[in-house]
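>>> got a structure for you, letters missing:
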């Protein structure tokens, strides 16, 4: 499992960090901050926990912080669906600013929506400085539509797309559904809910 996981999720980014890690002022390897994707948590031993362990084994001496959004693993997972992204980013900015291990900067790696949320951290929170951001499968331009809907020309698929489009930009949906906050309707660019706009 670890070999497959490293090939699928981490080999390229890990190789980049292992061969050319960004160093702090004392020439030590900078810490790495991880942010998981939707439906995952910081510490799941089958996903982020395994990735954290693999990085620590590949780059001796590195400090890896896998972000937990909330006080428990369960809250962390739920918040990936329901906590306002701006609140999550603010929470992470505060957490990073208070961590003395990160004072000289850090590298960051985000998976799926964690990649775009770390991008918001890089843009909004200059201290401590993010040196490198690796986004693995991050939807940097947002998401749109209903991909792979059975029967792409089906009237039902079109109806579902219209319903998604009509409700995604309402205040209640934007405030309480994370994925709506990075919905990006390419036909109505002014309405897009991308968090970094």
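That came through fine. Small disclaimer: the values here were computed from a predicted structure and weren't measured.
>>> so residue 111 makes contact with residue 134?
No: under the contact definition of CB atoms under 8 Å, residue 111 does not touch residue 134, with a separation of 9.6 Å. For the C-beta atoms, the positions are set from N, CA and C on the backbone; glycine is no exception.
>>> more neighbours: which of the two?
The neighbour count for residue 111 versus residue 134, taken as other CB atoms under 10 Å, is higher for residue 111 (23 against 20).
>>> for that one, which residues make a bridge with it?
Beta-bridge pairing of residue 111, defined through DSSP bridges, involves residue 136.
>>> domain map for the protein?
Here the domain parsing of the chain from the TED database is 32-136, 142-196.
>>> off-centre distance for the shortest one?
If I follow you right, that is domain 142-196. Shown here is domain 142-196, whose average C-alpha point lies 19 Å from the average C-alpha point of the whole chain (CA atoms, centre = their mean, to the nearest Å).
>>> what's around residue 171, how many residues?
Residue 171 is flanked by 7 other residues according to other CB under 10 Å.
>>> ok, it - contacts?
Neighbour list for residue 171: empty [criterion: CB atoms under 8 Å, 6 or more residues apart in numbering].
>>> go on, residue 101?
With CB under 8 Å, 6+ apart as the criterion, the residues that contact residue 101 are 31, 63, 65.
>>> A strand includes it, no?
No: when DSSP: H, G, I helix; E, B strand; the rest coil is applied, residue 101 is found to be helix, with no strand at that position.
>>> on that earlier part again, would you turn the contacts of residue 101 into TSV with neighbour count and secondary structure?
Supplementary listing: the contacts of residue 101 in TSV, determined by neighbours: other CB atoms under 10 Å; DSSP: H, G, I helix; E, B strand; the rest coil:
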residue	neighbour count	secondary structure
31	21	coil
63	16	coil
65	19	strand
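>>> would you list these in a markdown table and tack on distance to residue 141 and pLDDT?
Below are those laid out as a markdown table (distance: CB to CB, whole Å; pLDDT from 0 to 100):
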| residue | distance to residue 141 | pLDDT |
| --- | --- | --- |
| 31 | 29 | 95 |
| 63 | 32 | 94 |
| 65 | 27 | 96 |
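>>> let's have these in CSV, adding distance to residue 165.
Below are the contacts of residue 101 laid out as CSV (distance: CB to CB, whole Å):
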residue, distance to residue 165
31, 41
63, 43
65, 37
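>>> in stretch 62-75, what's buried?
Of the residues in stretch 62-75, 62, 63, 64, 65, 66, 67, 68, 69, 70 count as buried by neighbour count, 16 or more other CB atoms under 10 Å.
>>> end-to-end on stretch 99-119?
Start to finish, the residues bounding stretch 99-119 are 19 Å apart (CA to CA, to the nearest Å).
>>> identify the residues contacting the most centrally placed residue in the chain.
Closest residue to the average C-alpha location of the chain: residue 114 at 0.5 Å, with CA atoms, centre = their mean. Residues counted as contacts of residue 114 (CB under 8 Å, 6+ apart) are 34, 35, 36, 37, 67, 138.
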